[in-house]
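Novice: output the structure for:
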Amino acid sequence: MAGHFAGKRALVLGVANKRSIAWAIAQALADGGARLAFTYQGERIEKSVRDLADGVDTALLTECDVRSDEDVARVFGEVGEAFGGELDLLVHSVAFAAAEDLEGRFVDTPRDRFWLAVDVSAYSLVACARAAEPLMQKAGGGSIVTMTYLGGERAVPHYNVMGVAKATLDASVRYLAWDLGQKNIRVNAVSAGPVRTLAARSIAGFPTMEAIVEERAPLHRHVSADDVGAAAAYLLGDGAKNVTGTTLYVDSGYHAMGM
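Specialist: Numbering: from 1, shown residues only. All right, here's what the predicted structure looks like:
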């Protein structure tokens, strides 16, 4: 992978700690020679993200509230300044649903928290892609990768409103691929199996999800954040220059099974 991303400029959203999928992707890009920019959500995790960013070639670290169009515009303005007005790669690994909505029944999800999950987990990709478009166009094109999950296609117990948000995200990937393909900007998703991250802790029954995948997936093994990072790096790289609007599954083949 050495040199694979030499000269590329990447913005990574969603790093929380060293176990984050977003961090595994960032490491793969850094190992390939990319220069990085990071966002973080809130002061609580700033130090953790800063410590990680200090270990790679980082041009920018800034806070971002993806629910605010003004904040997204500010962030991409800073990214443009840091990278000479251009951007090659965008990693979107942002999602949120209230913990109480990942337990019990989906039908009991209140309206405000339903839209909060969709806003943060899906619309944020649209907002960031729109802000990235002029920077990527100036660079001659670009690649965007987001993180999805099988719960957007099938009913997964306890995934609830996050599954609806991921379904919205999946559709957004396809429509963004159409819109932005005319600017030589590719948009794809990685659908990972259960990975032990900070976000996974909020999903009731996560150990059961892991056990079911290990039992029923053709490869009968867990997926690591590094596995997902390698897959995302493929989609972001020139080797996937004719791949857009698709979802790459990294789940030991579980998605292919009927039961």
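Novice: how near is residue 143 to residue 60?
Specialist: 19 Å (Cβ to Cβ, to the nearest Å). All C-beta atoms are positioned from the backbone trio N, CA, C, and that covers glycine.
Novice: the lowest-mean-pLDDT helix or strand in the chain: which residues count as buried?
Specialist: In the chain, the helix or strand scored least confidently by mean pLDDT, DSSP states H and E is helix 206-216, which has a mean of 78. In terms of neighbour count (16 or more other Cβ atoms under 10 Å), helix 206-216 has its buried residues at 206, 209-210, 213-214.
Novice: CA atoms of it as CSV?
Specialist: What follows is helix 206-216, C-alpha atoms only, in CSV (Å, rounded to 0.1, in the frame of the first residue of the first chain):
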residue,chain,number,x,y,z
PHE,A,206,-24.3,-6.8,20.2
PRO,A,207,-22.5,-10.0,21.5
THR,A,208,-25.4,-12.0,20.1
MET,A,209,-25.0,-10.3,16.7
GLU,A,210,-21.3,-11.3,16.8
ALA,A,211,-22.1,-14.9,17.7
ILE,A,212,-24.7,-15.3,15.0
VAL,A,213,-22.4,-13.9,12.3
GLU,A,214,-19.5,-16.2,13.4
GLU,A,215,-21.8,-19.2,13.4
ARG,A,216,-23.6,-18.6,10.1
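Novice: follow-up on the earlier one: just the closest of the buried residues of helix 206-216 to residue 106, please.
Specialist: Proximity of the buried residues of helix 206-216 to residue 106 (Cβ to Cβ) peaks at residue 209, which lies at 16.0 Å.
Novice: now that closest one: how far from residue 215?
Specialist: 11 Å.
Novice: what touches both of those two?
Specialist: Common neighbours of residue 209 and residue 215 are not found (criterion: Cβ atoms under 8 Å, 6 or more residues apart in numbering).
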